[in-house]
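Peer 1: just coords:
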């Protein structure tokens, strides 16, 4: 991306009280798109991701987590102390100079820190407030809390992942921290468009669990209309009822390939590539319905052959023939050996004072007349205290020095 | 419950009121829905007979002749027209539709519309379309050596990495793809941010532009800790049953409660503070299940380095695990939450229909599904706008339901012309 292209959200400012993953995922998108995102932290409300996956746990630096750097790249950081009147005043000035404030504390915590919606409106009537919490700020269970996995469990997303004869497999990561972040970025942008049209700011109250419930819409409708309770199907395809559609073992240590046949031409090509011409003629497998009816035998016959095959070679052969196929890629496969991600520059590198030069996950889109940025890793804690307070918030150097001395900053 | 206005019902405009969108192809219906529920006028353009999701189940009464619930779930608040853009008169109408909108959601194959002369390349060359935001959503993006590879939701979740983090402790069992077409979900969520960002730029005086969204990249960006573990430590995470994949095995989080439903104990159930610890022991004592946990050494280790005394920690986790297996899941969930544990209950999706918390929030939208008597509850939106409600604006449209309204009422065709197009299979 040519560096002279504009950033779409240039001129938008976000006060970022977010922490861990869900909130920082939202502000990461806004920062990549060019918003000036200023993280506000303090010892008592530190983004604890700063101590997640640190490179050297014996080094007490709060700037050495690559996990944190990937989530908070392109942002700025100030350490305003809300327990000191001058620190609080600095935060209020920042809020007054911002378009959006985002936080993902437990419901009610931001209000207890002195920033109720009423107070935010007094500070800045055009400020948009996006809150992200497990159950939302409204409702009888609003005081309950979640982490990604418990939100996934409650939402139904965990139960929708697993083999029919096994416990739920669920998600091996906090999927709903990602998607709550994706939705929070959307919410902030929608609210900005609304404000641009009407002049009206608002509070957007988000629930992480609801982010999981919206992808469970089909089983919820199926239950109400057809009376069917949800049952797991593993990696098979219930709707449409296609087969073969599964993961199959390959040669190597814990190697698997996903094959999703959608029509008869693909089925014929699959049999040919696997050297299973006899399967094509087997009366149990002549069309989609018969294959579906004999899916256990079908999957067994395919697995007996795929387990001898090198997964990437098999994928290339099948893709050559138009069969939807993909290796279950590990992170090293994606970062070191995926020509598509490489060609599109999905893992750009950027510097970081303590972590050095590293790759970052990109934004999954390209603009023809704009760019997203991957300029620098996450800010050092308080790195932008001076720049933000003096250039943006109007404090003199002397005032700034006094605030430092009084531990207001 | 402070600080939120109760929405004033159906009268208030949504946050995207006034935005005009057309949507074509099979991979962008969720993006179209998110815009439509927020108040944009979204017209879905389907081939005559209807798009793919109408032919994918489940169907009402499991009858493939009845409307699809997959389609219903993704097409609320939209209008729908039919059009065969491969025929010359169809392409002409398509171009006229593009001329009326702010945003095109193009989820056809990357070269499909360009080869017909109705894609981004054409739009870019038309001065009067300089404000158009053209969002392409495709399996691998519009460029690159694998642009034209065949994909499906399963294939995308395999290639993008989530599957290798999902599954079981036993690695003779395969990596697992969660159901719900999450590759469509995450890519479409990103696409909406891209569209709104491009519109923001346009409203600031720039022209419109192409936003090229790759589903492979959207999925690849959605694996949380797998990326930093490799980038910074050269370590691969290993999938584990019902909890985070990790480079080294971790203690179990998921237990079968006494009523046959699973519960999810964050951090293996270990408390994070004294009050939670005391409350937990009191609760366990009610059932004579605390064992020796009142011994001070265990309380102490909860606040020490997580790597200290692994046997002691395992003993605490196992004792808690044994206890929760003796109680019903709903009790485990409610009692633990009251003690400020962030534990969860593993619900099937439909069980949330009975939880009044979501009604308190107005999460479910009462609406019609064509072919069903009365109304059902649709899962709504995960964001509650307090001034400009995001809500169900229309029930999902029937095939071609708005052909007359759009082609005659808005594009100015005569009824006779529309009839001719219908007869020749263009519409």
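Peer 2: Arrived safely, thanks for sending. It should be emphasised that the depicted structure is a prediction, and the values quoted were computed from it without experimental measurement.

Peer 1: For residue B:378, which non-adjacent residue is closest in space?
Peer 2: Distance criterion Cβ to Cβ, 6 or more residues apart in numbering or on different chains; nearest residue to residue B:378, sequence neighbours excluded, is residue B:365 at 4.5 Å. (Each C-beta comes from the backbone N, C-alpha and C, glycine too.)

Peer 1: quick one: the one you found and residue B:375 touch, right?
Peer 2: No: with contact defined as Cβ atoms under 8 Å, residue B:365 does not reach residue B:375; the gap is 9.3 Å.

Peer 1: gap between the nearest residue to residue A:285 once chain neighbours are set aside and chain B?
Peer 2: Counting by Cβ to Cβ, 6+ apart, residue A:285 lies nearest to residue A:291, which is 4.9 Å off, once chain neighbours are set aside. Going from residue A:291 to chain B by Cβ to the nearest Cβ, to the nearest Å gives 16 Å.

Peer 1: mind checking pLDDT for the closest residue in space to residue B:17 that isn't next to it in sequence?
Peer 2: If the residues on either side of it in the chain are set aside, residue B:17 comes closest to residue B:39, at 4.2 Å by Cβ to Cβ, 6+ apart. Residue B:39 is assigned 98 on the pLDDT scale.

Peer 1: Could you count how many residues lie near the residue nearest to residue B:312 when sequence neighbours are not counted?
Peer 2: Computed as Cβ to Cβ, 6+ apart, the closest residue to residue B:312 that is not its neighbour in sequence is residue B:301, at 4.9 Å. Residue crowding around residue B:301 was assessed by other Cβ atoms under 10 Å in any protein chain shown; the count is 19.

Peer 1: Let me see the contact set for residue A:121.
Peer 2: The neighbours of residue A:121, taking Cβ atoms under 8 Å, 6 or more residues apart in numbering or on different chains as the test, are A:127, A:201.

Peer 1: From the chain's centroid, how far away is the strand or helix carrying it?
Peer 2: Using DSSP states H and E, residue A:121 falls within helix A:117-123. Relative to its chain's centre, helix A:117-123 lies at 29 Å (Cα atoms, centre = their mean, to the nearest Å).

Peer 1: pLDDT below threshold where in the stretch 201-350 of chain B?
Peer 2: In the prediction, the stretch 201-350 of chain B carries no residues with pLDDT under 70.

Peer 1: Okay, strands next: where are they in the stretch 251-400 of chain B?
Peer 2: B:254-256, B:262-264, B:344-345, B:364-367, B:376-379, B:383-385 (DSSP state E, counting those that start in this stretch).

Peer 1: that older thread, so the residue nearest to residue B:312 touches residue B:313, yeah?
Peer 2: Yes: the pair residue B:301 and residue B:313 qualifies as a contact (Cβ under 8 Å) at a distance of 6.2 Å.

Peer 1: Let's verify the residue nearest to residue A:285: helix, strand, or coil?
Peer 2: What DSSP: H, G, I helix; E, B strand; the rest coil gives for residue A:291 is helix.

Peer 1: ok, back up a step: need the strands of the stretch 251-400 of chain B in TSV (columns: distance to residue B:27 and mean neighbour count).
Peer 2: Formatted as TSV, the strands of the stretch 251-400 of chain B follow (distance: least, Cβ to Cβ, whole Å; neighbours: other Cβ atoms under 10 Å in any protein chain shown):
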stretch	distance to residue B:27	mean neighbour count
strand B:254-256	33	20
strand B:262-264	32	26
strand B:344-345	31	28
strand B:364-367	24	17
strand B:376-379	21	22
strand B:383-385	23	26
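
Peer 1: Those: which one's closest to residue B:68?
Peer 2: strand B:376-379 (14.0 Å; Cβ to Cβ).

Peer 1: Identify all contacting residues around that closest one.
Peer 2: Here strand B:376-379 has contacts from A:210, A:213-214, A:216-217, A:220-221, A:224-225, B:72-73, B:76, B:353, B:363-369, B:392, using Cβ under 8 Å, 6+ apart.

Peer 1: Can you give the strand pairings for that strand, parallel or anti for each?
Peer 2: Counting by DSSP bridges, the strands paired with strand B:376-379 are strand B:364-367 (antiparallel).

Peer 1: what does the partner strand contact?
Peer 2: Outside strand B:364-367, the residues that touch it by Cβ under 8 Å, 6+ apart are B:76, B:353, B:358, B:375, B:376, B:377, B:378, B:379, B:380, B:391, B:392, B:395.
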